[in-house]
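> Here is my input; please provide its structure:
(one chain, ligands or ions: 1)
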Amino acid sequence: MTSFSLPKTYDFKSTEERIYAWWETSGYFKPTNDPNIQDFDPDIEPYVISIPPPNVTGELHLGHAMFVSMEDLMIRYHRMKGFSTLWVPGTDHAGIATQLQVEKALAEENLTREQIGRDEFLRRTWEWKEKYGGIITQQIRRLGASCDWDRERFTLDEGLSKAVREAFVRLYEKGLIYRGPRLINWSPGLKTAVSDLEVEYSEEPGELYYFKYMIAGSDSEYIPVATTRPETILADTGLAVHPEDSRYREFVGREVVVPILGRHIPVIADEYVDREFGTGALKITPGHDPNDYAIGERHGLEVISVLDESARVNEQGGPYSGQDRFEARDNLWKDMGAAGLVIKEEPYMMKIPRSQRGGEIIEPMISTQWFVRIQPLADAALAAVRDGRIQIIPEHFTKVYYNWLENIEDWCISRQLWWGHRIPVWICNDCGEVIVTREDPTECTRCGSTDLYQDPDVLDTWFSSGLWPFSTLGWPEETPDYQYFYPTTMMETGYDILFFWVARMIMDGLEFTDQVPFNQVYLHGLIRDETGRKMSKSYGNVIDPLVVMDDLGTDALRFTLLVGSSPGNDMNLSLKKVEANRNFANKVWNAARFVLGSLEQVIDNSPPNLDEVATATLADQWICTRLESLVWDVERLFQNYQYGEAGRQIYDFFWSEYADWYLEIAKLQLAEGGGRAYATARNLVQVLDTCLRMLHPFTPFVTEEIWGHLKAAAAEIKPPILPLHGAAWEEALIVAAWPEHKPGTQPEEQAVADFALIMEIVRSIRNLRAEKNVKPTHRIPATLVGGAHTAILQGQSRTIASLARLDPHQLTILESLEDKPEGDIALVVGSVEVYLPLEGLLDTTEQRTRLEKEQAETKSQIKRLQALLSGQFSEKAPPDVVEKERRKLANYQEKANKIASQLESLNGG
Ligand SMILES: [Zn+2]
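As a prediction, the model looks like this:
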């Protein structure tokens with residue numbers, strides 16, 4: 001195989017792996033300006049992204065494929081623009097998710113983590129991580145991610161653990177970390193507090209239970225109340241009504257009796273109560289409901305916790321203690337019925353909080369946990385977006401961000417798990433001193449006792465991922481990486497974790513580094529199925545990116561995800577779209593094969609006449625001008641984060657203009673030989689090269705593969721063909737220069753307009769041919785009346801004739817025409833008239849067959865009607881009905897005559 005030929009089809013399977021390995025071993029993923037080596041230039045601007053770390057034991061899904069594709073596009077684009085780019089990869093230890101995996105494995109051996117103990121459990125979890133932790137990063141590589149793998153980080157690394165310790169101690173010393181009882185989300189299955197992120201709400205049918213809250217000291221007076229969770233009655237410490245509700249105003253300040261338990265609790269007035277909902281009275285359970293907790297705080301109500309860590313009723317629940325929450329619900333309701341306190345039950349749709357990991361219903365519970373006092377951090381994070389130090393894309397998410405931070409609650413950071421960063425707090429068994437230090441203490445700082453124990457809990461996973469942009473660069477050490485690459489440039493992630501992760505990184509960055517952790521936040525949407533439904537296992541509509549890459553190639557998947565997305569909007573994905581983009585990759589491949597073939601045609605030419613080379617044809621001018629404006633548009637769209645639209649424009653240009661039109665015209669120009677052929681080959685190469693550069697961030701593999709061949713072939717031509725936008729071919733496309741719009745180049749707008757007219761004429765003729773079923777091999781005569789465009793048409797007559805399959809010897813181009821050719825079909829394209837002789841368009845045999853068939857049909861109708869009208873029908877049927885049939889007959893007879901004369905003229909012609 002010479003350098004001028006590409007294999008017939010693009011084999012993405014072998015290419016992707018080979019090219020990725022070549023990029024990596026060539027060091028292209030590393031920053032070009034590295035602060036750790038000599039010749040470092042601090043003035044070169046870096047472009048830095050920290051990858052959103054996937055769970056270390058995770059498996060690739062479309063969400064990963066989306067962010068990897070998007071960030072790789074941003075990194076590749078900036079690398080080509082000359083930035084010193086760094087994309088820091090890594091994984092998250094993912095406390096609950098990983099711990100559950102290991103617990104599941106233990107369960108298969110009939111073991112629990114408690115049985116094997118903490119040390120052994122952690123040993124096994126590390127073992128698990130070593131075994132499976134590389135899978136997700138291997139899968140990310142398959143997507144073409146150009147991360148600097150030498151800088152890969154893991155949240156439980158030594159360095160990152162040191163950062164976590166430093167952050168905790170600093171917050172504690174500033175008084176921003178405290179321990180206390182508060183309402184948190186409790187997972188009874190996992191027996192740990194979970195973050196809001198780990199709670200999913202599902203619409204489920206339930207019951208609304210109506211019952212009587214008896215007024216203390218009265219046998220008949222009561223306030224009706226409705227609840228969806230009767231078992232929480234056991235923990236009620238108040239009953240609230242709206243202060244202006246005339247139904248209940250008289251009871252405010254009195255007491256009601258808790259059913260079965262007999263405790264007396266106050267009736268309070270609070271404007272939070274919705275008079276329209278339920279009965280208009282609200283039972284208050286501060287120990288098991290976040291809203292009630294807030295009301296309870298306002299009114300100084302007691303907080304009773306009635307459930308234990310497995311969500312069983314505790315000793316506060318009287319006769320129900322020891323029962324499971326749902327068992328207690330049934331029993332209490334039965335007993336209340338027997339006591340005459342039940343009013344009714346009605347079906348009710350409600351939002352049930354379920355554990356994302358375990359699936360069981362989350363219970364809001366009071367628990368003693370570690371918290372971060374968040375307000376001061378939130379204020380700083382709000383200011384950073386308000387004053388523009390951080391830009392959120394799309395902009396409308398800034399409102400969501402403000403709203404969340406303005407209403408933020410203290411952050412529960414402790415988890416009752418074993419896998420994670422252990423809370424760096426030691427307590428003295430002798431004097432109770434709490435010791436929080438950067439180094440593990442060996443003795444009590446107050447009494448000197450060595451009898452210390454460490455808090456058994458670990459930190460919320462988000463505590464370490466909040467430090468990610470700077471902990472991965474070496475913080476708290478002032479490493480060269482930290483000094484040069486921090487703050488990072490772009491944080492790209494799904495909008496669903498704007499709060500949980502992005503807001504925390506901003507708060508932490510400002511708190512610990514006095515700088516914003518990144519300048520821009522780009523939020524992509526979620527991926528739904530082709531009908532817009534969420535992808536889920538239960539719908540059976542989940543698309544596995546690994547299968548798609550196996551079947552259709554990585555480039556096709558990436559292009560589909562990137563072109564289908566726009567900032568902040570969800571996208572619908574179908575395999576049909578990926579298939580179409582696989583076809584696009586093939587289209588690019590086939591176009592490249594043609595271009596390489598054209599180079600082979602000109603290699604043996606005598607040195608071209610340079611004067612002739614300099615004269616561009618209309619098609620050359622058109623394609624070059626269109627390319628320049630595409631370069632300009634794509635750059636503008638990239639600057640505005642409209643990557644999807646940029647991809648669509650490159651696609652359209654490549655497919656509809658370059659491949660479908662210019663390549664066709666190039667065949668004619670190449671056939672002319674000499675300088676014309678050389679100039680055409682040069683144009684073909686330069687336009688293809690520019691397109692490959694712009695496509696590279698979208699579809700890195702196929703473009704790199706083609707580009708390598710193109711570069712080699714172009715170098716063999718004499719004189720060698722150079723890239724349009726460069727003085728030499730670079731080492732590899734991944735590090736080639738991004739096409740810049742040449743300022744000052746005169747766009748050939750006239751050429752574009754003239755060529756558009758030619759295309760329109762050709763299209764109209766092609767459409768008519770298709771409509772009339774004219775065989776492609778059949779060249780037809782034509783007359784073009786051009787008016788003001790006559791000279792253009794005359795100059796392009798060969799092109800028009802070739803593309804519209806006209807007979808060049810019977811193509812007449814006139815400025816005006818007095819008498820319109822009779823019997824011709826006339827097309828009007830702008831101010832140009834096109835006449836095509838009808839008989840030239842028709843296949844007479846086919847037409848005769850069609851007419852004869854129609855004639856036979858008509859004659860049989862005539863026969864039928866004649867028979868009908870000559871019989872009794874004419875006398876017996878009502879006159880108007882008979883008349884109608886007579887008219888039908890007359891119409892058929894007229895039609896038969898017309899067909900007969902058409903057949904006659906066909907035979908005559
Ligand atoms: Zn002590």
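
> rest of the way, CA atoms for contacts and neighbours
Fine.

> average pLDDT across stretch 465-479?
For stretch 465-479, the mean pLDDT works out to 96.

> Go through that stretch and flag the buried ones.
Neighbour counts using 16 or more other CA atoms under 10 Å place 465, 466, 467, 468, 469, 470, 471, 472, 473, 474, 475, 476 of stretch 465-479 among the buried residues.

> likewise stretch 444-453?
444, 452.

> Tell me which residues are up against that stretch.
426, 427, 428, 429, 430, 431, 433, 435, 442, 443 (CA atoms under 8 Å, 6 or more residues apart in numbering).

> Which members of the residues you listed additionally contact the ion?
Filtering the contacts of stretch 444-453 for proximity to the ion by CA under 5 Å from the ion leaves 428, 431.

> buried subset of the contacts of stretch 444-453?
426, 427, 428, 435.

> Could you identify the most distant pair in the residues you listed?
Maximum pairwise distance among these (CA to CA): 7.8 Å, between 428 and 435.

> For stretch 228-244, could you pull out the residues that count as buried?
Buried residues in stretch 228-244 (16+ other CA under 10 Å): 228, 230-243.

> Secondary structure and distance to residue 67 added to the buried residues of stretch 465-479, as a markdown table?
Formatted as a markdown table, the buried residues of stretch 465-479 follow (DSSP: H, G, I helix; E, B strand; the rest coil; distance: CA to CA, whole Å):
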| residue | secondary structure | distance to residue 67 |
| --- | --- | --- |
| 465 | helix | 17 |
| 466 | coil | 18 |
| 467 | coil | 20 |
| 468 | helix | 16 |
| 469 | helix | 16 |
| 470 | helix | 20 |
| 471 | helix | 21 |
| 472 | coil | 19 |
| 473 | coil | 21 |
| 474 | coil | 24 |
| 475 | coil | 25 |
| 476 | coil | 28 |
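
> Looking at those residues, spot the one nearest the ion.
residue 476 (29.6 Å; CA to the ion).

> Now do that closest one against residue 487, distance only.
Distance from residue 476 to residue 487, counting by CA to CA, to the nearest Å: 14 Å.

> Also residue 137?
Distance, residue 137 to residue 487, by CA to CA: 25 Å.

> pull the CA atoms of the strand or helix carrying residue 685 into CSV?
Using DSSP states H and E, residue 685 falls within helix 674-695. Extracted as CSV, the C-alpha positions of helix 674-695 are listed here (Å, rounded to 0.1, in the frame of the first residue of the first chain):
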residue,chain,number,x,y,z
GLY,A,674,-1.3,20.1,-15.4
GLY,A,675,-1.5,23.1,-13.2
ARG,A,676,-5.3,22.9,-12.9
ALA,A,677,-5.0,19.3,-11.5
TYR,A,678,-2.3,20.3,-9.1
ALA,A,679,-4.2,23.3,-7.8
THR,A,680,-7.3,21.2,-7.4
ALA,A,681,-5.4,18.5,-5.5
ARG,A,682,-3.9,21.2,-3.3
ASN,A,683,-7.4,22.6,-2.5
LEU,A,684,-8.7,19.2,-1.8
VAL,A,685,-5.9,18.6,0.7
GLN,A,686,-6.1,22.0,2.4
VAL,A,687,-9.8,21.9,2.9
LEU,A,688,-9.7,18.4,4.1
ASP,A,689,-6.8,19.2,6.5
THR,A,690,-8.7,22.2,7.9
CYS,A,691,-11.8,20.2,8.4
LEU,A,692,-9.9,17.4,10.1
ARG,A,693,-8.4,19.9,12.5
MET,A,694,-11.8,21.3,13.4
LEU,A,695,-13.3,17.8,13.7
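
> How far off centre is it?
34 Å (CA atoms, centre = their mean, to the nearest Å).

> a strand runs through residue 523, doesn't it?
Yes: under DSSP: H, G, I helix; E, B strand; the rest coil, residue 523 sits within a strand.

> Does it touch residue 566 like I think?
No: here residue 523 does not reach residue 566: they are 9.2 Å apart, not a contact under CA atoms under 8 Å.

> neighbour count winner among those two?
Neighbour count, other CA atoms under 10 Å: between residue 523 and residue 566, residue 523 has more, with 25 against 19.

> circling back: quick one: mean pLDDT for the helix holding residue 685?
93.

> List the buried residues in it.
Residues of helix 674-695 classed as buried: 674-695 (neighbour count, 16+ other CA under 10 Å).

> coming back round to it: if we look at the ion, which of the buried residues of stretch 465-479 are close to it?
With CA under 5 Å from the ion as the criterion, the buried residues of stretch 465-479 include none near the ion.

> and which of the residues you listed is nearest residue 118?
Of all those, residue 465 has the smallest distance to residue 118: 23.5 Å, by CA to CA.

> quick one: the closest one from residue 93, how far?
From residue 465 to residue 93 the distance is 10 Å (CA to CA).

> Common neighbours of those two, please.
residue 155.

> ok, back up a step: greatest separation within the buried residues of stretch 228-244: which pair is it?
Comparing the members of the buried residues of stretch 228-244, the greatest separation, given CA to CA, is between 231 and 243, at 26.9 Å.

> so after the helix or strand that contains residue 756, what's the next helix or strand?
In this assignment (DSSP H and E), residue 756 forms part of helix 749-771. Next along the chain after helix 749-771, taking DSSP H and E as the criterion, comes strand 780-785.

> Could you list the paired strands of that next one along with their orientation?
Take DSSP bridges as the rule and strand 780-785 pairs in its sheet with strand 806-814 (parallel), strand 832-837 (antiparallel).

> Of those, which stretch is the most buried?
Ranked by mean neighbour count under mean count of other CA atoms under 10 Å, the strands paired with strand 780-785 are led by strand 832-837, which reaches a mean of 20.

> Mind listing residues that contact that one?
So strand 832-837 is contacted by 780-787, 789, 821, 823-828 (CA under 8 Å, 6+ apart).

> Spatially nearest residue to the closest residue to the ion within the stretch 251-400 of the chain (excluding sequence neighbours)?
The ion sits closest to residue 370 of the stretch 251-400 of the chain, with a gap of 20.9 Å, by CA to the ion. The shortest distance from residue 370 to any non-neighbouring residue, by CA to CA, 6 or more residues apart in numbering, is to residue 179 (4.3 Å).

> looking at it, the one you found is touching residue 367, isn't it?
No: under the criterion of CA under 8 Å, residue 179 is not in contact with residue 367, lying 10.1 Å apart.

> Those two - which one has more neighbours?
Taking other CA under 10 Å, residue 179 and residue 367 do not tie; residue 367 has more neighbours (18 against 13).

> With mean pLDDT and distance to the ion added, can I get the strands paired with strand 780-785 in JSON lines?
Formatted as JSON lines, the strands paired with strand 780-785 follow (pLDDT from 0 to 100; distance: least, CA to the ion, whole Å):
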{"stretch": "strand 806-814", "mean pLDDT": "90", "distance to the ion": "101"}
{"stretch": "strand 832-837", "mean pLDDT": "86", "distance to the ion": "99"}
